[in-house]
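>>> Got a predicted structure plus its sequence, pasted below:
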Amino acid sequence: MTDIVRTETILTSDKLNVLHLALESVSAEGGTVGLPNACYTDDETMERERDTVFAKHWAGLGFTADIAKPGDCFPIDFLGQPLLMVRDKGGGARVFHNVCSHRGMILVEKAGPSKGVLRCRYHSWAYDLEGRLRRTPYVGGAGQDTHPDFDPTCHGLREVRAHEWLGVVWINLDGMAPPFEVANDRILARWREFADAPLVHTGEDCRLTFELATNWKLAIENYCEAYHLPWVHPALNSYSRIEDHYNIVEPGHFSGQGSTVYNPILSPDGRKFPALPNLSATWDTGAEYVSLYPNVMLGVHRDHCYAIVVLPDGPTRCRERLCLHYFDEAVRDPDYAELRLTNQRTWSQVFMEDVFAVEGMQKGRASPGFGGGVFTPVMDPPTRCFHVWTAQTMLDGPRGREAARAAAE
Ligand code: FES
Ligand SMILES: [Fe+2]
């Protein structure tokens with residue numbers, strides 16, 4: 001189904017050698033050093049990340065709520081590639097390369113409803129929501145919409161493998177990852193109690209966006225750790241202290257932190273959102289926050305969850321899009337409006353508090369005096385877990401090359 005349109009990036013051999021050496025020390029057993037500065041600053045290294053870290057796995061692209069109804073379209077730039085999320089007639093989420101098959105015109109430029117037809121503005125070719133080419137006006141000359149030498153079934157939109165889970169639209173660019181449920185079986189098992197939770201999205205008060213002057217990985221890494229809590233999040237630390245946190249480390253899949261004390265005060269009268277029924281006692285006061293590799297930061301609590309998709313804009317900038325979901329339709333009631341806004345503001349404050357840190361670490365990556373830093377043994381294993389995964393994935397190379405090598409042997 002999926003075609004890889006890009007050719008594999010070839011790093012210049014010197015740069016590749018230096019990078020390989022650094023990545024090998026990151027992934028070495030018992031290693032304590034982090035990724036080299038080039039992984040945060042260099043365009044070519046970023047391209048290798050695109051072809052490995054992003055292309056080989058299930059990456060977050062956008063949200064179910066972006067394409068809520070059949071016909072909804074949402075164009076989005078992903079690592080410099082124009083993609084298009086669409087809700088098809090059957091209610092499924094589909095992702096296409098957002099480019100017309102004829103002369104390569106960008107197909108959809110604005111998010112919104114489509115009435116079931118994706119029409120190119122250049123020569124008016126039209127595709128349906130399943131990506132099939134349906135109309136080719138004058139393709140056989142004026143007034144002739146067909147031609148015996150032109151087969152429209154060969155010129156539909158190029159589709160990218162997509163899956164929805166926890167309100168996120170995930171994509172696998174190279175089309176060769178195991179099915180989502182297999183690739184992500186560990187997190188699905190860990191959070192199985194939330195598997196059938198209704199995901200209630202109430203609109204703009206469930207969303208946040210941030211534009212950051214930092215490499216996307218620094219956002220992910222910062223989210224992996226609770227170490228900075230006392231100094232960066234004093235308000236959060238007042239009810240969920242660093243002592244109440246534990247590390248979550250699942251090599252090759254995700255890492256982050258959990259808290260045994262989730263008890264925010266969102267209203268002076270102590271009002272709360274309804275909790276998901278039948279949760280085990282762990283979730284009465286517990287909450288977990290993990291970075292699911294490569295680029296999605298997730299948080300689950302008894303009464304709501306959220307996902308943050310981190311979208312790289314080159315090596316030194318990224319966008320974060322957050323989408324929050326409650327677990328009970330009752331939350332739509334205007335009576336909950338104030339509480340919803342307070343919850344949104346509370347999370348916004350927490351994530352704003354992190355900005356100076358993730359942008360400051362990016363500035364530090366310009367220093368020749370920094371060579372990956374050091375991971376401490378107790379507080380940094382979740383961050384190291386992400387570094388090791390990233391280094392190993394980059395060292396393994398794009399799947400196309402592996403497949404070619406295997407075929408040659
Ligand atoms: S480029 Fe789209 S119809 Fe020609
Ligand atoms: Fe933080």
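That came through fine. Ligands and ions are numbered 1, 2, ... in the order given.

>>> Okay, buried residues for stretch 260-280 please.
The neighbour-count check on stretch 260-280 (16 or more other CB atoms under 10 Å) flags 262, 264, 266, 273, 274, 275, 276, 279 as buried. Every C-beta, even on glycine, is put in place using the N, C-alpha and C of the backbone.

>>> Residue 99 pairs with what?
Listed beta-bridge partners, residue 99: residue 106 (assigned using DSSP bridges).

>>> Any figure for the gap between it and residue 368?
Distance of residue 99 to residue 368, computed by CB to CB, to the nearest Å: 41 Å.

>>> who in this structure is up against ligand 1?
Proximity of the chain to ligand 1 (CB under 6 Å from any ligand atom) is limited to residues 100, 102, 103, 105, 120, 122, 123, 125.

>>> where does the second one land on pLDDT?
Yep, that's residue 102 we're talking about. pLDDT for residue 102: 98.

>>> Mind telling me what element the closest residue to residue 251 other than its chain neighbours is part of?
Distances taken as CB to CB, 6 or more residues apart in numbering put residue 385 closest to residue 251, at 5.7 Å, once the chain neighbours are dropped. Using DSSP states H and E, residue 385 sits within helix 381-396.

>>> Which residues does that helix contact?
The contact list for helix 381-396 (CB atoms under 8 Å, 6 or more residues apart in numbering) reads 19-20, 23-24, 26-27, 31-32, 34-35, 39, 48-49, 52-53, 56-57, 217, 220-221, 224-225, 247-253, 255-257, 291, 293-294, 375, 402.

>>> From these, which land in strands?
Counting by DSSP state E, these place 247, 248, 249, 250, 255, 256, 257, 291 in strands.

>>> For the residues you listed, give me JSON lines that also has pLDDT and neighbour count.
Converted to JSON lines, these look like this (pLDDT from 0 to 100; neighbours: other CB atoms under 10 Å):
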{"residue": "247", "pLDDT": "98", "neighbour count": "19"}
{"residue": "248", "pLDDT": "98", "neighbour count": "20"}
{"residue": "249", "pLDDT": "98", "neighbour count": "17"}
{"residue": "250", "pLDDT": "98", "neighbour count": "17"}
{"residue": "255", "pLDDT": "98", "neighbour count": "28"}
{"residue": "256", "pLDDT": "98", "neighbour count": "26"}
{"residue": "257", "pLDDT": "97", "neighbour count": "22"}
{"residue": "291", "pLDDT": "98", "neighbour count": "28"}
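
>>> quick one on the thing from earlier: ok, of the residues of the chain next to ligand 1, which come out buried?
100, 120, 125.

>>> Flag every buried residue along the longest helix along the chain.
Longest helix of the chain, by residue count under DSSP state H: helix 337-364. Of the residues in helix 337-364, 339-340, 342-344, 347, 351, 353-355, 357-359, 361-362 count as buried by neighbour count, 16+ other CB under 10 Å.

>>> ok, these vs ligand 1, which is closest?
residue 362 (38.5 Å; CB to the nearest ligand atom).

>>> isn't that closest one right next to residue 316, touching?
Yes: between residue 362 and residue 316 there is a contact under CB atoms under 8 Å: 6.2 Å.

>>> Can you give the domain ranges for the protein?
Structural domains annotated on the chain: 60-163, 185-386, as defined by automatic domain parsing.

>>> what ranges do the helices span in the chain?
Per DSSP H, the chain carries helices over the ranges 13-27, 38-41, 43-49, 180-183, 185-190, 216-224, 229-232, 234-239, 282-285, 337-364, 381-396, 399-408.

>>> Lowest mean pLDDT across those, which one is that?
Least confident of the helices of the chain, judged by mean pLDDT, is helix 399-408 with a mean of 56.

>>> quick one on the thing from earlier: quick check, nearest of the ones in strands among the contacts of helix 381-396 to residue 150?
Relative to residue 150, the closest of the ones in strands among the contacts of helix 381-396 is residue 291; by CB to CB it sits at 47.3 Å.

>>> wait, what's in contact with the residue nearest to the closest one when sequence neighbours are not counted?
Setting aside the residues directly before and after it, residue 291 is nearest to residue 220 in space (CB to CB, 6+ apart), at 4.6 Å. By CB under 8 Å, 6+ apart, the residues touching residue 220 are 291, 293, 294, 295, 297, 310, 386.

>>> 10 Å - rerun?
255-256, 291-297, 308, 310, 318, 358, 383, 386, 390 (CB atoms under 10 Å, 6 or more residues apart in numbering).

>>> for residue 305, same thing?
166-167, 191, 194, 197, 199, 276, 287-288, 298-299, 323-327.

>>> Of those, which belong to strands?
Taking DSSP E, the ones among these that sit in strands are 287, 288, 298, 299, 323, 324, 325, 326.

>>> Could I have the buried ones of these as ChimeraX selection syntax?
In ChimeraX, this line selects whichever of the ones in strands among the contacts of residue 305 come out buried by 16+ other CB under 10 Å:
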select :287,288,298,299,323,324,325,326
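
>>> Out of the ones in strands among the contacts of residue 305, which is nearest to residue 177?
Residue 177 lies nearest to residue 298 out of these, by CB to CB, at 18.4 Å.

>>> Tell me how far that closest one lies from ligand 1.
Here the criterion is CB to the nearest ligand atom, to the nearest Å. By it, residue 298 lies 38 Å from ligand 1.

>>> Then residue 60?
With distances taken as CB to the nearest ligand atom, residue 60 is found 29 Å from ligand 1.

>>> what residues are up against that residue?
Residues near residue 60 by CB under 10 Å, 6+ apart: 78, 165-166, 168-171, 292, 294-298, 307-311, 321.

>>> run the last query once more with 6 Å
Contacts here follow CB atoms under 6 Å, 6 or more residues apart in numbering; on that basis residue 60 touches 168, 170, 295, 296, 309.
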